[in-house]
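[1] what's the 3D shape of this:
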Amino acid sequence: MAVKKTYRVIFHNQGEIYEIFVRNVYQSDMYGFIEVEGYLFGERSSVVVDPSEEKLKTTFEGVKRSFIPMQAIVRIDEVEREGQGKISSANGEKVTPFPIAPGPQGTP
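    Sure, this is the predicted structure:
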């Protein structure tokens, strides 16, 4: 039986840091974007509800695939099992964009 890979993707979006768990991560056909799909959310049977994870579920409800700008990516890890996704405030943390080469025919 093939083992399904799980990825933790951390990215910066509108002053917040998103940490999500997905099945697939790959370079998009759209220049400068990473595609993520197969969102994984913890199905815990506990009574305690994490508002951050609930916000993630609501944000990505009905989303099949997301295109994240490369410069917004903080980190991508292949992990053994999914964890708890979350959204946290950047609280003034500086996220330095990854330098990218000019696009085709010298366009940025």
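[2] and residue 17, bridged to which residues?
    On the basis of DSSP bridges, residue 17 is bridged to residue 12, residue 88.
[3] per-residue pLDDT, it?
    Note for residue 17: predicted pLDDT of 90.
[4] Hmm, it is touching residue 10, no?
    Yes - counting by C-beta atoms under 8 Å, residue 10 is a contact partner of residue 17 at 6.5 Å. To be clear about C-beta, it is placed using only N, CA and C from the backbone, and glycine gets the same treatment.
[5] Report the set of residues contacting both of these two.
    residue 74 (C-beta atoms under 8 Å, 6 or more residues apart in numbering).
[6] so which strand or helix has residue 57?
    helix 51-59 (DSSP states H and E).
[7] helix or strand right after that helix?
    Counting by DSSP H and E, the element after helix 51-59 in chain order, helix or strand, is strand 65-69.
[8] What's the mean pLDDT across that next one?
    Rounded mean pLDDT across strand 65-69 is 94.
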